[in-house]
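Undergrad: missing the sequence, but the structure's below:
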C-alpha cells in the first residue's frame, strides 16, 4: 500500500490471491469488545450521561443539507461502530 500511493497504482498491482474471499455474514448487531474510549468511560468516576465526542468540519459552500445528510447516513450504514450503544446495566 505504501509503495503504491494512489488508488490507480494500487489497482494495477492487485490480484486475486486464491479466488474470491469468503466472508462470514455479519448483520452488524450483537455484543462486541469495548473500544478504548468505552473502557476509559467505564473506569472513570464521573457521570457519563450525555458524553459525546465531536469534531468541527468545514464543508463546501454548495454542499446542501440533503447531500450532507445522505453522506452521514452512508457512514452510519457502513460503519457499525458509529451505531454502538452501551447498556446502562452494571456489567455494560
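TA: That came through fine. Treat the numbers as computed from the prediction; the structure is a model and nothing was measured.
Undergrad: same for the worst-scoring helix or strand of the chain on mean pLDDT, what does it pack against?
TA: Lowest by mean pLDDT, DSSP states H and E among the helices and strands of the chain is helix 36-43, with a mean of 82. Helix 36-43 makes packing contacts with no helix or strand when contacts are defined by 3 or more CB pairs under 8 Å, 6 or more residues apart in numbering; DSSP states H and E. (C-beta placed from N, C-alpha, C; glycine too.)
Undergrad: i'd like the first residue to be 2 from this point on
TA: Shifting the count to begin at 2 puts that one at helix 37-44.
Undergrad: On the C-terminal side of that helix, identify the next helix or strand.
TA: Proceeding N to C from helix 37-44, the next assigned helix or strand is helix 66-79, under DSSP states H and E.
Undergrad: Give me the contact list for that next one.
TA: 60, 83-84 (CB atoms under 8 Å, 6 or more residues apart in numbering).
Undergrad: Can you tell me which of those is nearest residue 53?
TA: Lowest distance from residue 53 to those (CB to CB) belongs to residue 83, with 12.2 Å.
Undergrad: What's the local residue count around the closest one?
TA: Neighbour count for residue 83, taken as other CB atoms under 10 Å: 10.
Undergrad: For it, give me its contacts.
TA: For residue 83, the residues meeting the contact criterion (CB under 8 Å, 6+ apart) are 76-77.
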